[in-house]
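Enquirer: Dropping a prediction and its sequence here:
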Amino acid sequence: NIRVLLDSLAAAAGPLSFEVILADNGSTDSTPEIASRNGANVVASSAPTIAGVRNEGAKIARGLIYAFLDADVSVAADLFAQIHAARPGILNEALATGGRCWPVGDEGIFDRSWFRLLREKASDNYIGSAHFIISADNYFRVGGFDESLSSGEDADICRRLAIAGVRIEPNDALRALHRE
């Protein structure tokens with residue numbers, strides 16, 4: 001799956017440069033090696049929660065804008081153009097954005113139990129952490145993801161960001177495909 005994500009990022013970036021950090025939480029396959037061979041900075045994480053794993057990756061990031069992506073997604077070809085268009089809001093107007101994950105097919109367990117629900121009951125104050133875009137400043141201003149949570153870290157950070165005055169704005173143009 002990581003190969004599909006990395007290939008989709010490279011295709012979307014074109015000539016633009018970007019940093020990929022893989023926060024690896026004990027993969028038993030070749031994910032870290034594939035990521036490293038493709039230029040990713042791989043950080044081994046022993047954090048007990050996904051929130052902790054995401055935070056460990058963020059700690060070594062150098063960019064002004066963070067795009068948190070799960071290894072089992074691929075991004076749309078215009079991802080970087082969409083981020084560029086949103087850049088003033090992300091950096092200057094306290095905006096967190098991202099897109100819903102869509103299944104590759106429509107009959108898998110993720111679609112029936114999760115993705116369909118998100119499409120039918122879309123929220124304007126929630127962005128899933130599988131495709132979450134925020135400035136580094138705002139991410140660290142609220143302390144990153146809450147590592148004490150075993151799930152729901154995305155809803156929690158959106159809530160804390162909103163309290164801090166950051167606008168939460170899901171963007172349907174920022175689409176990621178989730179691969180089961």
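Expert: That came in fine, so what should we check first?

Enquirer: Spatially central, which residue of this protein would that be?
Expert: residue 68 (2.4 Å; CA atoms, centre = their mean).

Enquirer: In what element of secondary structure is that one found?
Expert: Per DSSP states H and E: residue 68 is located in strand 65-69.

Enquirer: now the helices for the protein?
Expert: 2-13, 31-37, 50-60, 79-92, 109-110, 116-120, 136-141, 153-163 (DSSP state H).

Enquirer: contact partners of the last one?
Expert: Read that as helix 153-163. Outside helix 153-163, the residues that touch it by CB atoms under 8 Å, 6 or more residues apart in numbering are 49-51, 54, 96, 125-130, 132, 134, 138, 142-146, 149, 168. In short, each C-beta sits where N, CA and C put it, glycine included.

Enquirer: Out of the helices of the chain, which gets nearest to residue 44?
Expert: helix 31-37 (7.7 Å; CB to CB).

Enquirer: what packs against that closest one?
Expert: Taking 3 or more CB pairs under 8 Å, 6 or more residues apart in numbering; DSSP states H and E as contact, the helices and strands that helix 31-37 lies on are helix 2-13, strand 21-24, strand 41-44.
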